[in-house]
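Novice: need coordinates for the following:
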Amino acid sequence: MRRSDREITDRNEIVQVMEQCDVCRLAFNDEEVPYILPLNFGLQYKNGIITLYFHGAAEGTKYQLLRRDNRVSFEMDCSHQLVMDEEKGSCTMKYKSVIGRGRLEIVPEEERYSALCILMKQYHKEDFAFDRAVVSRTTVMKLVVEKITGKER
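Specialist: Okay, the predicted model is just below:
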C-alpha cells in the first residue's frame, strides 16, 4: 500500500468497516477484461477467518466464469464524505475501504439456509424470518478470504 498512514492493519477494525458496507463488488477473471459485479453480502468472522456469502439466481455470467476460475477479488467501501477546502481550491473524499481476494464456491444445499441467515443479518440486525421456500431456488456462494487490506482517509 502506497499510503501506509491510511492503512488499517487490525483485522477486527477491517471487519468493522466491512460490517458498515452494504455492497461488495466481486471481480471475476474473464478472458479479455475482469468482470465486476456488485452484490449484497453476508459476513461471518469466526476464529480469525473472514467468510463472505452471496446469493443469486440459478444461472448467469458469474456462474460461467466461476466454473472456469474460482479465484476472485473483492472491494467494498463506505463512510463517504466530500471535504471541500475553498481557500485552497481543492477537495478530497473521506472514506473507508477494504479489498481482498479468495476462492469462490457454491454452498451445498444443506448449508444454504444458514448461509442465507448470515447474509440477512448484514441488513437486518435482528433475526429476519424470511420465506424458506426461496432457499431451494437460490444459489448461494461463499468466499473464504485469503488476503485482505483496509484503508481509511
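Novice: which strands and helices sit next to the one helix or strand Lys147 maps to?
Specialist: Here Lys147, judged by DSSP states H and E, is contained in strand 139-152. Contacting strand 139-152 under the criterion 3 or more CB pairs under 8 Å, 6 or more residues apart in numbering; DSSP states H and E are the following elements: strand 7-8, helix 11-20, strand 49-56, strand 71-85, strand 90-106, helix 109-123. No exception for glycine: its C-beta is placed from N, CA and C like everyone else's.
Novice: quick check: closest non-adjacent residue to Ile118.
Specialist: Gly42 (3.9 Å; CB to CB, 6 or more residues apart in numbering).
Novice: from the helices and strands packed on strand 139-152, which stretch is densest packed?
Specialist: Most buried of the helices and strands packed on strand 139-152, by mean neighbour count (mean count of other CB atoms under 10 Å): strand 49-56, with a mean of 20.
Novice: got the phi and psi for Val23?
Specialist: Here is the backbone geometry of Val23 (degrees, to the nearest 10): phi -140, psi 140.
Novice: if I pick Val17, what's in contact with it?
Specialist: 8, 76, 78-79, 96-98, 150, 152 (CB atoms under 8 Å, 6 or more residues apart in numbering).
Novice: go again using 10 Å as the cut-off
Specialist: 8, 76-79, 95-98, 150-152 (CB atoms under 10 Å, 6 or more residues apart in numbering).
Novice: so where's this structure shaky on pLDDT?
Specialist: 1-3, 5, 125-126 (pLDDT under 70).
Novice: swap the cut-off to 50 and go again
Specialist: Within the chain, no stretch falls below the threshold (pLDDT under 50).
Novice: in it, which residue is most central in space?
Specialist: For the chain, the residue sitting closest to the mean C-alpha position, by CA atoms, centre = their mean, is Cys24 at 3.5 Å.
Novice: neighbours of the residue nearest to it when sequence neighbours are not counted, how many?
Specialist: Of all residues not flanking Cys24 in the chain, Phe41 sits nearest, at 4.2 Å (CB to CB, 6+ apart). Applying other CB atoms under 10 Å, we find 24 other residues in the vicinity of Phe41.
Novice: how about the residue lying farthest from the centre of the chain, what does it touch?
Specialist: Computed with CA atoms, centre = their mean, the residue of the chain farthest from its C-alpha average is Glu87, at 37.9 Å. Taking CB under 10 Å, 6+ apart, we find Glu87 in contact with no residue.
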